[in-house]
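Asker: Whatever this is, show me its structure:
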Amino acid sequence: MTVRTWQKELDFPETIALLGGPAATARMTLHDRDGLEAKVRVSGGWRPAHRAEAAPDGTFEIAVPTDLPSFGFEVEAEFACFTQGGDRYEIDGAEAKAGFVLELEPAGKIEGSITGPSGPVTGARVAVVHPTRMFRVEADASGRFAILGVPPGRYRAAALAEGCAPELRENIDALSGTTTRVDFLLHRESSISGRVVGPSGDGIVGARVGAWPEDLEVASALNGISYGASTSGREGRFRIGSLRHGTHKTYASADGFLRSSSNSVEVPPAGGVEGIVLALATGHIVAGRVTDAMGLPVADARVTAETDPDLYDKRGSSKPPVYSRQSCATPGDGTFRLAGLGEGPYVVRAEAIGHQKVEKRNVAPDTERLALVFGAATGIAGVVRAAPGGEPVREFEASLSWIVTMRDASGAPFEFRRDGPSRAFRSEDGAFEWSGLEPGVFDLRIRSGGFVPETLREVAVTAGEVRRGLEVRLRPGAVVTGTVRERPSGSPVPGVLVRVVTREAGMDPMGSGPETSARAEEDGSFSIGGLEPGFFRLRATHDAFVAETTDVLEVAEGGALDGVEIRLGRGGAWMASRGARKESPKRKRTSSFSRRMSSPGRGSKPRPTHRGTSASRGSSRGDTWSGSTREARRGRGRGRKCAGWSPPTPR
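Answerer: The predicted structure follows:
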């Protein structure tokens, strides 16, 4: 189990220190991502700071700092995985105080070995590919590999090692709870060699050279194992090894030169093609200067120019005839000069640490004096108050989202909502200021415990402006409390997840955050706050009981509904106060069945799903979180999905 804030200096402080500190890491991220990842590999990979292994019963504890920002979870398990996107949490939220329950779906495992012409190979790379996901891993010194937590489905796989041609495998079935064996036997490599030259015929050192199969099916299977790439050395000479036989497209690119056209090369089995010449042209240029809002030069800014595909789309072409992209870092005087660009117009962007990104579009080829000016801070500021009295809300979370318009394959426009960043605020007067935002129009959503979430629609922010004077009024949320008991004994049932559902058809939950769900305490009691006024139902789920739903309940704005009693039975019985009913013999409900992971594993890291707001057992001890993990099993027959998957007969 790993806690992630997606801020590298917090998640991987040891690795950041080895890279030279936060400033050095930020500079490499901006200017040299490939070099950054190479240094990370040499230093032993990214080393998470907040990580722990789950116990055999699925419980876990992770020590974290008390000022940790919004966070989520990553989980590694041998025969289980997450299949939905992860939520974000706050350190002082209801879940962190009560403990977490992380529910996993059943998965499989793929393992095997890689052997070359002379025996086991070291440093081999393996990729397992599905239309919607990919897993990559390196084999150990003896050529063995294992990929854990692979969702059920049919996959392709590819393996590659230095000096060997890759091998592809089709129709690999991953099954829940099953280990699938895949062994690779690699044969002698093929290769392409030659020179990269400039307009004068002189060799170009440091050019990026690539070869890629023309067969798209083969190419997609090789994606993920660093296939067909090299760099030119002295006199522009290059050699691309570890190739498979067949027709390849070759290309070369270098800073300051236009990318070469693609040439088809027929590569023989276990042989080489020599004498390939890849010629690079100078192309067009864009030059100018980067300054701040005061007119001072900005050093170490990253300037990028690329062919603008949007403008070509408006001309009726699906893509630019010659796409090009060049970038550089500015020296102390803020100047830049980018050569090797194709047909314009271009989009030119500048980024620098501590500045908001600036962009200019429709830049003509061979522009010499382009001015890129970083503006003043862009953001929002305001206050959050309680309605109707106006008292300040001292702790709350703000999040952004906006509507994005795109086009489908036929060119028809469609819209979808994209979630943006979120941030927690604490202030005595309820004030907030959030800078460093992208200009645009977005929705601002404010959430705070005990209140109904509120959204300000279409908040427009222009570049260089901090829009002030925003005021958000949060209405007190309604509260529903009650008890979960076993039928017929009346004994309290702790650990039951009680969720608010609002739609009759399908019983879709309002969500699984602190405003819409709770887990019953040791005495069976539960309390859910921050609810919208109106009609709703409560749905209760537990591993050992039948998952059931109450009849319709109602709360007024800011009101309270007390004394709701839900009775769960084993084997199909159900009863709840405020409207009881019994199951028809012809339609007997099935029990929700899940089990805890028998042992933690290592493998892929899908994003987690967190259902519920507390763990079935666990507590908060200062800055240590505790909780549990559960693996949901897929049953046979016509079971219904509740907290996990329901088998046809109750346990």
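
Asker: Tell me which residues touch Ala158, please.
Answerer: 126-127, 129, 166-169, 221-222, 224-225, 227 (C-beta atoms under 8 Å, 6 or more residues apart in numbering). In short, each C-beta sits where N, CA and C put it, glycine included.

Asker: The residues you listed in helices, which ones?
Answerer: Counted as lying in helices by DSSP state H, out of the contacts of Ala158, are 221-222.

Asker: List just the nearest of the contacts of Ala158 to Phe425.
Answerer: Taking C-beta to C-beta as the measure, Gly224 is the one of the contacts of Ala158 closest to Phe425, at 40.3 Å.

Asker: Can you give me the neighbour number for the closest one?
Answerer: By other C-beta atoms under 10 Å, 17 other residues sit near Gly224.

Asker: Who are the contact partners of it?
Answerer: Gly224 touches 127, 129, 134, 136, 158, counting by C-beta under 8 Å, 6+ apart.

Asker: Backbone dihedrals for it, both of them.
Answerer: Dihedral angles phi and psi of Gly224 (degrees, to the nearest 10) take the values phi 110, psi 0.

Asker: which stretches of this structure have low pLDDT?
Answerer: 83-86, 94, 311-321, 409, 502-515, 571-651 (pLDDT under 70).

Asker: any chance you could map the helices in it?
Answerer: Assigned by DSSP H, the helices in the chain fall at 8-11, 13-18, 22-31, 33-42, 94-98, 216-222, 309-314.

Asker: Adding distance to Gln326 and mean neighbour count, write those helices out as a markdown table.
Answerer: Shown next, in a markdown table, are the helices of the chain (distance: least, C-beta to C-beta, whole Å; neighbours: other C-beta atoms under 10 Å):
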| stretch | distance to Gln326 | mean neighbour count |
| --- | --- | --- |
| helix 8-11 | 27 | 18 |
| helix 13-18 | 30 | 16 |
| helix 22-31 | 14 | 16 |
| helix 33-42 | 16 | 13 |
| helix 94-98 | 47 | 21 |
| helix 216-222 | 25 | 16 |
| helix 309-314 | 16 | 14 |
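
Asker: Mind checking which of the contacts of Gly224 are buried?
Answerer: Listed as buried from those are 127, 129, 136, 158; burial here means 16 or more other C-beta atoms under 10 Å.

Asker: can you put these in a markdown table and add distance to Gly288?
Answerer: Formatted as a markdown table, the buried ones among the contacts of Gly224 follow (distance: C-beta to C-beta, whole Å):
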| residue | distance to Gly288 |
| --- | --- |
| Ala127 | 41 |
| Val129 | 42 |
| Arg136 | 40 |
| Ala158 | 44 |
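
Asker: Pick out whichever of the contacts of Gly224 sits closest to Pro269.
Answerer: Taking C-beta to C-beta as the measure, Pro269 lies nearest Ala158 of the contacts of Gly224, at 17.1 Å.

Asker: For that closest one, list each beta-bridge partner.
Answerer: Counting by DSSP bridges, Ala158 is bridged to Ala127, Leu168.

Asker: How much space separates the residue lying closest to Ala350 once chain neighbours are set aside from Glu359?
Answerer: With C-beta to C-beta, 6 or more residues apart in numbering as the criterion, Ala350 has its nearest non-adjacent residue at 4.3 Å, and that residue is Leu372. Distance from Leu372 to Glu359, counting by C-beta to C-beta, to the nearest Å: 8 Å.

Asker: can you check Glu78 too?
Answerer: Glu78 sits 46 Å away from Glu359, taking C-beta to C-beta as the criterion.

Asker: And those two? Which one has more around it.
Answerer: Using other C-beta under 10 Å as the criterion, Glu78 and Glu359 rank with Glu78 on top: 20 against 13.

Asker: Tell me which of the helices of the chain sits nearest to Gly558.
Answerer: It's helix 94-98; of the helices of the chain, that one is closest to Gly558 (C-beta to C-beta) at 18.9 Å.

Asker: what sits against the spatially closest residue to Ser70 that is not a sequence neighbour?
Answerer: Nearest non-adjacent residue to Ser70, counting by C-beta to C-beta, 6+ apart: Arg88, 4.7 Å away. By C-beta under 8 Å, 6+ apart, Arg88 lies in contact with 70-72, 422.

Asker: circling back: Ala544: which of the helices of the chain is closest?
Answerer: Checking these against Ala544 by C-beta to C-beta gives helix 94-98 as the closest, at 20.0 Å.

Asker: any idea how far the closest one is from the chain center?
Answerer: 23 Å (C-alpha atoms, centre = their mean, to the nearest Å).

Asker: Repeat that for stretch 383-395.
Answerer: From the chain centre to the centre of stretch 383-395 is a distance of 33 Å (C-alpha atoms, centre = their mean).

Asker: and if you look at stretch 526-535?
Answerer: Distance, centroid of stretch 526-535 to centroid of chain: 31 Å (C-alpha atoms, centre = their mean).

Asker: And it, what's buried?
Answerer: 526, 528-532.

Asker: State the distance from Ile225 to Glu162.
Answerer: 12 Å.

Asker: that older thread, now do the contacts for the residue nearest to Ala350.
Answerer: Shown in contact with Leu372 (C-beta under 8 Å, 6+ apart): 288-291, 301, 303, 348, 350, 358, 360.

Asker: Looking at these, spot the one nearest Ala270.
Answerer: For these, the nearest to Ala270 is Val303 (45.1 Å; C-beta to C-beta).

Asker: List the beta-bridge partners for the closest one.
Answerer: In this entry, Val303 is beta-bridged to Cys328, Ala350, by DSSP bridges.

Asker: Would you mind measuring from the closest residue in space to Met406 that isn't next to it in sequence to Phe442?
Answerer: Excluding its sequence neighbours, the residue lying closest to Met406 (C-beta to C-beta, 6+ apart) is Phe414, at 6.2 Å. Distance from Phe414 to Phe442, counting by C-beta to C-beta: 19 Å.

Asker: Give me the more crowded residue out of these two.
Answerer: Applying other C-beta under 10 Å to Phe414 and Phe442 shows that Phe442 carries more neighbours, namely 22 against 9.

Asker: The more buried one contacts Leu400, doesn't it?
Answerer: Yes. Between Phe442 and Leu400 there is a contact under C-beta atoms under 8 Å: 4.8 Å.

Asker: what residues are shared contacts of those two?
Answerer: With C-beta under 8 Å, 6+ apart, Phe442 and Leu400 have common neighbours Gly420.
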